[in-house]
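any chance you can model this:
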Amino acid sequence: MSKNKPHIEFTKLSPEKNWHTPKGYPSGIEQQILASDIDEFKKTGSRSRLLRFKPGVFTTDQFIHDHWEEVYLVSGDLIVGNDKNGNGGEQFTESTYACRPPGVYHGPFKSENGCILFELHYYKNDENF
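As a prediction, the model looks like this:
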């Protein structure tokens, strides 16, 4: 069993501090973990994070993971399905939502003008869900 996520009351988030590039992501894509007790080895827990793309940054491969993922495009634009050169795909703008079960391929991704995403990652077999 994973430890519980922390109790956090309304806390001002820094637009510049606590951002880092997740392992395996290109430079220009950064995350800020809001709360997490996820254990990807034990397949338990959950994580909430902000993910931001700087303008023009893109990934070149599809993603797949073994947990649920919910994504809300808070601001900016996100292109889904670009090629390895960053061309093509379908563009979405703020107030767009996705919910993906484990094992679903998605991406690659690009942002023309930059964007911020709010993401939830969780294992449904966890007793908290």
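
C-alpha only now, for contacts and for neighbours.
Fine.

who does the helix or strand containing residue 51 pair up with?
Element membership of residue 51, judged by DSSP states H and E, is strand 46-53. As defined by DSSP bridges, the strand partners of strand 46-53 come to strand 29-36 (antiparallel), strand 115-122 (antiparallel).

so for the top strand by length along the chain, mean pLDDT?
Across the chain, the longest stretch assigned as strand under DSSP state E is strand 68-80. Averaged across strand 68-80, pLDDT comes to 98.

neighbouring contacts of whichever helix or strand comes after that strand?
Going down the chain from strand 68-80, the next helix or strand is strand 90-93, by DSSP H and E. With contacts defined as CA atoms under 8 Å, 6 or more residues apart in numbering, strand 90-93 is touched by 73, 75, 76, 77, 78, 79, 80, 81, 82.

SS state for the closest residue to residue 113 other than its chain neighbours?
Take residue 113 and drop its neighbours on the chain: the residue closest to it by CA to CA, 6 or more residues apart in numbering is residue 55, 4.3 Å away. Secondary structure, DSSP: H, G, I helix; E, B strand; the rest coil: residue 55 is coil.

list the contacts of the strand holding residue 51.
5, 28-39, 110-111, 114-123.
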